[in-house]
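> Below are the sequence and a predicted model; questions follow.
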Amino acid sequence: MKLPIQDNKFLFLLSSVTIVIILEILSIIGLHIPMPYAPVVFAAFIIGIGHEVLLNGIKAIFKLKFSSINLLMTIAVVAAFYLGEYPEAAVVIVLYVLGERLENIGLENSKSALDQLVNIAPKTAFVKSKNKNVAVNKVAVGTIIQVKPGEMIPLDGKIISGATTVDEAAITGEPIPKDKRPGDILFAGTLNKDSFVEMETTTLSIDTTFAKIIRLTFEAAASRSDTQKFIQRFSQFYTPTIIAMAVLVFAIPVFILHLDFDLWLKQAITLLVIACPCALVISTPVAMYAAIGNASAKGALVKGGRYLEAMAQIKAIALDKTRTITYGTPIVSDVFPLNGSSRKQLLACTAGTELFSEHPLAQAIVTASRAEGFEPHKAEAFKSIMGKGATARCLICEDATVFVGKLEFIREYHEVSEEAEKIVAQLASQGKTSVLVSFGQGVAGIIGLTDEIKPDSIAAVKQLQALNIDLIILTGDSEKAAHYVANTIGIKKVYGGLLPENKSDKMATLLKEYGSVAMVGDGINDAPALALSTVGIAMGAAGSDTAIETANIALMNDKLSLIPFLIRLSKKTLLRIKTNTIGAIAVKLIFIALAFLGYSNLVFAIAADVGVTLVVILLSLNLMKFENK
C-alpha cells in the first residue's frame with residue numbers, strides 16, 4: 001500500500017502513535033509520568049489527535065445517534081480517563097484515528113487509477129486558425145487542431161493530414177500502439193507517439209469518449225454494490241446493539257452481582273472499542289474501488305459495484321455474432337478458379353472491376369488480390385446492378401466484359417455449370433457468401449467470403465466454458481452463418497435471423513431458464529437485449545455513444561477475453577470481501593467473549609482492531625494486481 005510519507009499531518013500522526021505506544025509500554029513495566037502531569041500530557045494527545053472524533057461523538061449524543069462509531073470511541077476514551085487509565089485512553093484515540101486515516105489511504109489508493117484518468121486529460125488544444133493553445137472547453141466541433149509527437153490528443157476527431165502511432169491504452173487498455181493515417185479516428189486522452197498530425201474535432205470536450213469514461217467510472221465508484229449496502233445497513237443496527245451489550249457487561253456484574261466497579265467498567269470499554277465495525281465497513285468499498293480500477297485499466301468500464309458483483313452469479317452469456325465474435329468485415333476465405341482460369345487472373349480481373357465499388361464485399365476482394373501480390377487489372381465502363389452485381393470492361397484480359405455478382409445474376413447472362421452450383425451450395429452451408437465471376441463464357445470462378453472470427457473469441461469461449469458458463473449465440477445473421485461460426489468456436493446453442501425485438505424475447509426466455517444471464521453485443525441493434533439482461537456488456541465501445549450509455553459494462557476494445565477475466569475478478573472480489581468480513585467478525589467475537597468473562601485487555605483490543613483494519617485494506621488493495629490469466 002502506498003503511504004503518503006510526504007504528508008506532514010500523517011507523519012505527525014505516526015509520531016504521536018509511536019510516542020503514545022512507548023509511554024503505554026513504559027506504563028506497563030511500571031514507569032509512569034508523575035502526577036499531576038500525566039493527565040495533562042495524555043489529554044494533549046487525546047485532544048490534539050482525536051478532537052474531530054470527540055466532537056462528532058458529542059454531537060451524536062445530543063442527536064441520540066447511537067449508530068455512530070465516533071460515539072463508541074468518545075464513551076471509551078472518557079470512561080478510560082475516568083478510571084485513570086490515561087495511557088490507554090490516549091492509545092484508544094490515536095490508534096482509532098490512525099485506523100481511520102489508513103481507511104482513507106486505502107480508498108485513495110484504490111481510486112488512484114480513476115484519478116490518473118483526470119490528471120492525464122489535456123486542458124488545452126493548439127488551434128491552427130488562431131495559432132495558439134485554447135482551452136479544450138472553448139474548442140468547437142469542426143475545428144482544425146495540431147498535435148505534436150509526445151503530446152496527448154486533446155479532443156476526439158479524425159486525422160486530416162499526417163500519419164503517426166497512437167497509444168490508446170487510456171481508452172482501450174491495449175498496450176500496443178496503433179498506426180493512424182488520414183481519415184482514422186483519434187480519441188482524447190490518447191498519446192501521439194511519433195509524428196506531427198492535424199486533426200478535425202468531431203465532439204465537444206464534455207462529449208469525448210475519454211470524458212464519458214471519466215464521468216461513468218467515478219459514477220461507478222460512487223454506486224454501491226448490494227454487499228456494501230447490506231454491510232452499511234448491518235453496521236447501523238450493529239453499533240447500538242454493541243452499546244447495549246456494553247451496558248449489560250457493566251451493569252449486571254456491578255449492580256446485580258456487586259462485583260468490582262472499575263474492573264467491569266474497563267471490560268465494557270474494551271468491548272466498545274473492539275466492536276467498532278471499522279474493518280467491516282471499509283472492506284467492501286476498498287475492494288470494489290480496487291477491482292473497478294483494475295478493470296478500467298484493462299479497458300473494461302464497469303458502471304457500478306453491483307454489476308461487477310453480478311458477474312460472479314452469471315450462469316449463461318448470450319453473444320451477438322457480428323462485431324462481437326467476428327470482426328464484422330468480410331474477408332476472402334475461398335477462391336475457386338474454373339474453366340481454365342488461374343487464381344491470379346480470377347482475383348486480379350475481379351478486383352479491377354470491384355475497384356469501382358464501395359461495397360464491403362468488393363473491397364474485400366480488392367484487398368485479397370493485392371495481399372497475394374496481384375495488382376487489380378485496369379477496367380472501364382463500370383456498371384452496377386443494384387442488389388445483383390456489376391459489369392466492367394477489362395483492359396488487360398482478352399475477354400472484354402467481366403460479370404461479377406450473385407448466382408442468379410450470372411445465370412441471367414451465362415450458363416452455370418453443375419460444378420459451380422455445388423460450390424455455391426457448399427459455401428452457403430458454411431454460412432459464406434459466394435461471388436461468381438464470368439469473363440463472357442460460363443463461370444470463370446467463384447470467390448467465397450466470410451466474416452472473419454476473432455482469434456480472441458475462440459480463446460474467450462474456451463475460458464468461459466471452463467468456468468461452466470453456458471454460451472448462446474443470438475444474431476440477426478442467417479441460421480447457416482450463425483451455425484458455421486458456432487461450430488467453429490464450439491458453441492452449441494444458436495439462434496439466427498433475429499430482429500432486435502426477437503433478441504429481447506429470447507433474452508426473457510433465457511432469464512427464466514438460467515436466472516442470471518449476461519448479454520454481449522455492439523450496443524446498437526442489441527440495445528433491447530442488453531437492457532433486459534442481468535448484465536449488459538458492449539463490445540468495442542470506444543467511440544460508440546450508444547454502447548457506453550446502454551450497457552452496464554463497456555469493453556473499450558474488442559477483447560471478448562475480458563469477460564472471463566471480469567467473472568474471475570468478480571468472484572475474487574466477493575471472496576475477498578467475505579474473507580475480510582469473517583476475519584474481522586472472528587477477532588471481534590474473541591474479544592467480546594473475553595470482555596464478558598472479564599479477561600479482555602484494552603490495549604490489545606485496540607491493536608487487534610487496527611491490525612484487522614490494516615490487513616483488510618491491504619488484502620482489498622491487492623485486487624488491483626489481479627491479472628487476466
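Cool, got the structure.
> What pairs with the strand or helix carrying Ala392, parallel or antiparallel?
Using DSSP states H and E, Ala392 sits in strand 389-394. In the sheet, strand 389-394 lines up against strand 379-385 (antiparallel), strand 401-405 (antiparallel) (DSSP bridges).
> Residues contacting that strand, please?
349, 352-354, 356-357, 362, 377-385, 400-406, 409-410, 439 (CB atoms under 8 Å, 6 or more residues apart in numbering). Placement of C-beta: from N, CA and C, glycine included.
> With only the CA atoms kept, save that strand in CSV.
Written as CSV, here are the backbone C-alpha positions of strand 389-394 (Å, rounded to 0.1, in the frame of the first residue of the first chain):
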residue,chain,number,x,y,z
GLY,A,389,-23.8,-7.5,-59.2
ALA,A,390,-21.7,-5.4,-61.6
THR,A,391,-20.1,-5.4,-65.0
ALA,A,392,-17.0,-3.7,-66.4
ARG,A,393,-14.7,-3.8,-69.5
CYS,A,394,-11.3,-5.2,-68.6
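> Drop anything exposed from the contacts of strand 389-394.
349, 352-354, 357, 362, 377, 379, 382, 384, 401-406, 409-410, 439 (16 or more other CB atoms under 10 Å).
> before we move on, the earlier item: nearest to Tyr327 among the strands paired with strand 389-394 would be which one?
With CB to CB as the criterion, Tyr327 lies closest to strand 401-405 of the strands paired with strand 389-394, at 23.2 Å.
> Show me what secondary structure element comes after that closest one.
Next in line after strand 401-405, if elements are assigned by DSSP H and E, sits helix 407-411.
> Please identify the buried residues of the top helix by length along the chain?
Counting by DSSP state H, the longest helix found in the chain is helix 562-597. The neighbour-count check on helix 562-597 (16+ other CB under 10 Å) flags 562-570, 572-574, 576-577, 580-581, 583-585, 587-588, 591-592, 594-596 as buried.
> again with stretch 302-320
302-312, 314, 316-320.
> among these, which are in helices?
Gly305, Arg306, Tyr307, Leu308, Glu309, Ala310, Met311.
> worst-scoring helix or strand of this structure, pLDDT-wise?
The helix or strand of the chain with the poorest confidence is helix 112-120; it has a mean of 58 (mean pLDDT, DSSP states H and E).
> residue ranges for the strands of the stretch 1-150 of the chain, please.
Secondary structure of the stretch 1-150 of the chain (DSSP state E, counting those that start in this stretch): strands located at 124-127, 132-135, 144-147.
> Let's have the ones you listed in JSON lines, adding mean neighbour count and mean pLDDT.
Shown next, in JSON lines, are these (neighbours: other CB atoms under 10 Å; pLDDT from 0 to 100):
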{"stretch": "strand 124-127", "mean neighbour count": "19", "mean pLDDT": "92"}
{"stretch": "strand 132-135", "mean neighbour count": "13", "mean pLDDT": "92"}
{"stretch": "strand 144-147", "mean neighbour count": "20", "mean pLDDT": "94"}
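> Out of those strands, flag the one nearest Thr241.
The nearest among the strands of the stretch 1-150 of the chain, by CB to CB, is strand 132-135 at 54.3 Å.
> May I have the strands that pair with that closest one, each with its orientation?
strand 124-127 (antiparallel).
> How about the contacts made by Pro360?
Thr329, Pro330.
> Can you name the residues in contact with stretch 424-433?
Stretch 424-433 is contacted from outside by 330, 333-334, 361, 407, 434, 436, 446, 448-450, 477-478, 480-485, using CB under 8 Å, 6+ apart.
> So which of the residues you listed belong to strands?
Pro330, Ser333, Asp334, Ser434, Leu436, Ile446, Gly448, Leu449, Thr450 (DSSP state E).
> Let me have these in a markdown table, adding distance to Met624, neighbour count and pLDDT as columns.
Formatted as a markdown table, the ones in strands among the contacts of stretch 424-433 follow (distance: CB to CB, whole Å; neighbours: other CB atoms under 10 Å; pLDDT from 0 to 100):
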| residue | distance to Met624 | neighbour count | pLDDT |
| --- | --- | --- | --- |
| Pro330 | 41 | 23 | 86 |
| Ser333 | 42 | 17 | 90 |
| Asp334 | 47 | 15 | 92 |
| Ser434 | 51 | 20 | 91 |
| Leu436 | 56 | 27 | 94 |
| Ile446 | 54 | 23 | 94 |
| Gly448 | 47 | 19 | 92 |
| Leu449 | 44 | 20 | 90 |
| Thr450 | 40 | 21 | 87 |
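> Perfect, that will be all.
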